[in-house]
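1. mind folding the following:
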Amino acid sequence: ARGEWDNPIEFLLSCLSFAVGLGNIWRFPYLCYRNGGGAFLIPYVISLIFMGIPVFLYEMGAGQFSSEGPIGIWKICPLFQGIGYAMCCLSLYIGTYYNIILSWAFFYIFSSFTTNLPWASCGNWWNTEACRRFDSKNCTSHGGVMTNEEDCVFARDVTVDVWRNLTETAKNAKMPSDEFFHFFMLDISKGIHDIGNIRWELAGCLLIAWIIVYCALWKGIKSFGKLVYFTALFPYVILVILLIRAATLPGYMDGINFYLTPKWEKLLEINVWADACIQIFFSLGVTWGGMITLASYNKFKNNVFRDAVMVACGNCCTSFFAGFVIFGIIGFMAHELGVKVEDVAAQGAGLAFIAYPEAVSRMPISPLWSILFFLMLLSLGFGTQFSTTETVITIILDRFPQWRGKNRRWCALAVCGCMYLAGLCMITEGGMYILQLVDNHSATYSALILGCTEISVMAWIYGVDQFLEDLKFMLGFYPYPRIYWKWAWKVISPTIVVLILVCTWKDYSGNTYGDYEYPSWANLAGWFITFSSVVCIPIVAIYKICREEGPILDRIKKLAQPSPDWGPASPNHRRFEGAKNYDAKFTGLKRDVEGSNMTLITNASQSTIIIGDIKDHTISQLEPLKEAYEDNPSSEDEGLNMKVMIEYENKDTTVTSSDETKNTVPTSKK
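-> Here you go, the predicted model:
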């Protein structure tokens with residue numbers, strides 16, 4: 001049997017822990033840095049309101065309503081069940097490379113068990129002449145250049161050639177934390193064509209990360225639900241401490257001014273809006289299947305509308321708050337290098353492993369602060385990683401229910417083992433280029449395509465009004481304001497996503513990492529990663545159509561209708577007073593209510609039965625049915641309150657009838 005959260009707090013914290021991850025630390029600040037600081041907040045908030053939250057609520061609502069995983073919820077429209085398989089692919093890709101970043105955090109923690117942090121100076125064997133640790137602001141403010149020997153040199157004191165070399169070196173100056181990350185930990189190669197050897201130290205750290213994931217998930221949400229109290233709350237404690245420390249560093253306000261001052265001209269660039277939309281999908285984890293999985297373990301009457309809005313807004317507020325910390329440190333780095341904030345080099349995941357460690361190294365008792373900081377990264381990352389891996393496991397267990405129970409541990413072990421082996425290519429000397437490629441393509445364009453498709457299917461095929469009725473039955477009220485959700489699902493969200501996809505593809509110019517440009521074959525491989533998940537939609541649709549019988553159009557029409565067993569998992573929640581529209585949708589009963597009489601016709605069988613064929617049967621009158629279909633929690637009866645008394649020769653049948661045995665219909669149980 002499926003598990004269930006012990007209390008609503010566990011679900012809320014699990015969703016928050018899943019949504020608030022490493023992207024809030026290194027992806028969102030980097031996008032702000034690249035897209036003009038505070039100007040990026042405008043498209044970010046707009047994308048959240050009109051795209052992020054609507055898709056978020058749909059996934060959480062559908063998962064809780066049906067108690068199904070990412071594949072099972074597509075009983076709502078079996079023709080598009082391929083969306084669920086595409087979500088599984090996304091979770092596999094993301095879960096594989098996400099743990100690579102956690103292995104980096106373990107590497108930094110182990111490197112912190114020393115009196116002096118290895119990235120606190122430029123005197124290590126991996127450092128280059130570009131490494132710079134000291135404060136050069138006073139020198140550069142007077143037109144000079146600081147050398148590695150901490151001498152301030154002016155143009156009038158040296159030859160033209162010497163001055164050119166000094167200025168070029170100063171322009172390309174790097175912090176020691178940058179060189180520790182690229183030249184020592186990664187031992188980065190020249191490009192993706194040069195994979196090199198496996199970094200065995202990182203392979204050991206990656207193994208530790210996957211062992212932790214397995215131990216957290218082998219018992220399911222019962223063990224996972226207790227860990228989220230730490231993974232969801234601990235990062236905020238460390239972020240507050242780091243913010244206080246960052247505010248005491250020189251250059252802090254320069255970074256904050258760059259963060260909050262919008263560059264309005266950036267709003268005219270389509271890439272800024274595309275980045276905002278993609279970041280919303282990445283940050284909220286929409287279309288990964290994680291939210292569907294977590295919500296599927298909820299109690300049916302849980303207020304999922306409240307939870308969806310709280311988690312989505314809390315996630316974005318965390319990103320905004322983290323920006324004050326990261327931009328404060330970027331301002332400090334610019335001050336140290338004697339350059340403008342916008343000239344500070346930082347990219348992608350390296351931001352969290354360059355800027356943050358640099359700030360930590362300047363704190364008193366720096367090894368302690370380093371350990372605490374990277375523990376925060378681990379808690380953020382594992383919160384997302386647990387849910388992402390659980391999504392893959394849930395999909396498999398929903399497909400093969402016989403593996404639940406004691407066999408779950410072996411399923412979890414197989415999933416973790418395969419994802420560990422797949423991640424080994426990303427901890428080679430050229431692994432950073434592979435990770436960037438997977439990151440750029442696995443959860444960007446494909447996530448947008450899946451989000452647009454799943455919302456359109458719900459709104460236009462299943463029916464947005466019908467889904468709102470489902471939410472009303474589950475919650476007791478319509479999500480407010482009803483008209484906003486209706487048109488956001490039907491028109492606004494899909495339209496914006498399609499426009500951004502078209503413009504983004506039009507402006508696509510290939511992948512880069514720093515100054516390195518990916519070759520054409522690598523870009524082609526990236527698009528293969530993108531469409532390897534999206535292609536599941538037409539493949540599954542064609543497979544299902546081929547398995548049906550009859551004319552093609554009839555097959556498609558049948559598969560576009562909700563499956564007979566779509567609806568709440570518990571029979572108690574299928575018995576309710578309400579609109580006749582529900583009768584055609586839920587398994588178990590159709591009914592017409594007239595006064596004290598009820599006629600029940602079970603639709604458990606699809607076979608057609610002719611009343612005239614009933615002969616030589618001894619049919620007894622049914623006992624009166626209960627007048628109201630009450631949801632009685634204390635009752636152990638999950639079926640209809642009726643007794644069937646039919647003697648049918650050599651056949652096992654069920655008869656439903658009104659008070660006087662009129663309209664009697666036998667239905668085969670086979």
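
2. just confirm residue 280 contacts residue 50, I think it does.
-> No: at 9.7 Å, residue 280 does not count as touching residue 50 under the criterion of C-beta atoms under 8 Å. No exception for glycine: its C-beta is placed from N, CA and C like everyone else's.

3. low-confidence stretches in this structure?
-> 1-2, 133-151, 156, 169-172, 337, 343-350, 574-670 (pLDDT under 70).

4. if we go to 50?
-> 575-670 (pLDDT under 50).

5. quick revisit: compare residue 280 and residue 50 (neighbour count), which wins?
-> Comparing residue 280 with residue 50 by neighbour count (other C-beta atoms under 10 Å), the higher total belongs to residue 280, at 30 against 19.

6. look up the closest residue to that one, ignoring the ones flanking it.
-> residue 52 (3.9 Å; C-beta to C-beta, 6 or more residues apart in numbering).

7. quick one: contacts for that neighbour?
-> Applying C-beta atoms under 8 Å, 6 or more residues apart in numbering to residue 52 gives the contacts 280-281, 284, 286, 312.

8. so how far is residue 279 from it?
-> Residue 52 sits 9 Å away from residue 279, going by C-beta to C-beta, to the nearest Å.

9. over to residue 533?
-> As judged by C-beta to C-beta, residue 533 and residue 279 stand 19 Å apart.

10. cool, residue 538 as well?
-> The gap separating residue 538 from residue 279 is 28 Å, by C-beta to C-beta.

11. closest to the centroid, which residue in this protein?
-> Central residue of the chain (C-alpha atoms, centre = their mean): residue 285, 1.9 Å from the mean position.

12. surely that one and residue 20 touch.
-> No: look at residue 285 against residue 20 with C-beta under 8 Å: they stay out of range, at 9.7 Å.

13. can you list residues touching both of the two?
-> residue 384.

14. can you give me the helices in the stretch 401-550 of the chain?
-> Taking DSSP state H, counting those that start in this stretch as the criterion, the stretch 401-550 of the chain carries its helices at 408-423, 431-442, 445-456, 464-475, 482-487, 493-506, 520-534, 536-547.

15. and if you look at the stretch 51-200 of the chain?
-> All helices of the stretch 51-200 of the chain, identified by DSSP H, counting those that start in this stretch, fall at 53-66, 82-111, 137-140, 160-171, 176-179, 200-217.

16. put the alpha carbons of the fifth one into CSV.
-> Once non-C-alpha atoms are left out, helix 176-179 reads as follows in CSV (Å, rounded to 0.1, in the frame of the first residue of the first chain):
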residue,chain,number,x,y,z
PRO,A,176,42.6,31.8,-4.9
SER,A,177,39.1,30.2,-4.3
ASP,A,178,38.6,30.3,-8.1
GLU,A,179,41.9,28.5,-8.8
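
17. what helices or strands is that helix leaning on?
-> In terms of contacts (3 or more C-beta pairs under 8 Å, 6 or more residues apart in numbering; DSSP states H and E), helix 176-179 is packed against helix 355-361.

18. residues making contact with the helix it packs on?
-> With C-beta under 8 Å, 6+ apart, helix 355-361 has contacts from 25, 108, 117, 119-120, 175-177, 180-181, 242, 245-246, 249, 326, 329-330, 332-333, 346, 366, 369-370, 373.

19. and the nearest residue to residue 85 once chain neighbours are set aside, how far is that from residue 82?
-> The spatially closest residue to residue 85, leaving aside those adjacent along the chain, is residue 536, at 4.1 Å (C-beta to C-beta, 6+ apart). In this view, residue 536 and residue 82 are 4 Å apart by C-beta to C-beta.

20. which of these two has more residues huddled nearby?
-> Neighbour count, other C-beta under 10 Å: between residue 536 and residue 82, residue 82 has more, with 25 against 20.

21. what sits against the closest residue to that one other than its chain neighbours?
-> Leaving aside its sequence neighbours, residue 82 sits nearest to residue 540 (C-beta to C-beta, 6+ apart; 3.2 Å). Residues in contact with residue 540 (C-beta under 8 Å, 6+ apart) are 80-82, 85.

22. before we move on, the earlier item: who wins for proximity to residue 46 among the helices of the stretch 401-550 of the chain?
-> helix 493-506 (8.7 Å; C-beta to C-beta).

23. could you dump that closest one to PDB, C-alpha only?
-> Coordinates of each C-alpha in helix 493-506 appear next as PDB, following Å, rounded to 0.1, in the frame of the first residue of the first chain:
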ATOM      1  CA  SER A 493       0.600  30.300 -19.200                       C
ATOM      2  CA  PRO A 494       0.700  28.300 -22.400                       C
ATOM      3  CA  THR A 495       0.900  31.400 -24.600                       C
ATOM      4  CA  ILE A 496       3.800  33.000 -22.700                       C
ATOM      5  CA  VAL A 497       5.800  29.700 -22.700                       C
ATOM      6  CA  VAL A 498       5.300  29.200 -26.400                       C
ATOM      7  CA  LEU A 499       6.500  32.700 -27.200                       C
ATOM      8  CA  ILE A 500       9.500  32.400 -25.100                       C
ATOM      9  CA  LEU A 501      10.400  29.000 -26.600                       C
ATOM     10  CA  VAL A 502      10.200  30.400 -30.100                       C
ATOM     11  CA  CYS A 503      12.300  33.400 -29.300                       C
ATOM     12  CA  THR A 504      14.800  31.400 -27.300                       C
ATOM     13  CA  TRP A 505      15.300  28.900 -30.200                       C
ATOM     14  CA  LYS A 506      15.700  31.800 -32.600                       C
END
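
24. can you give me the buried ones in that helix?
-> Across helix 493-506, burial judged by 16 or more other C-beta atoms under 10 Å covers 493-494, 496-497, 500-501, 504.

25. neighbours around residue 230, how many?
-> By the criterion of other C-beta under 10 Å, residue 230 has 14 neighbours.

26. now residue 211
-> By other C-beta under 10 Å, the residues close to residue 211 number 12.

27. then residue 435?
-> By the criterion of other C-beta under 10 Å, residue 435 has 23 neighbours.

28. look up the closest residue to it, ignoring the ones flanking it.
-> Of all residues not flanking residue 435 in the chain, residue 426 sits nearest, at 4.7 Å (C-beta to C-beta, 6+ apart).
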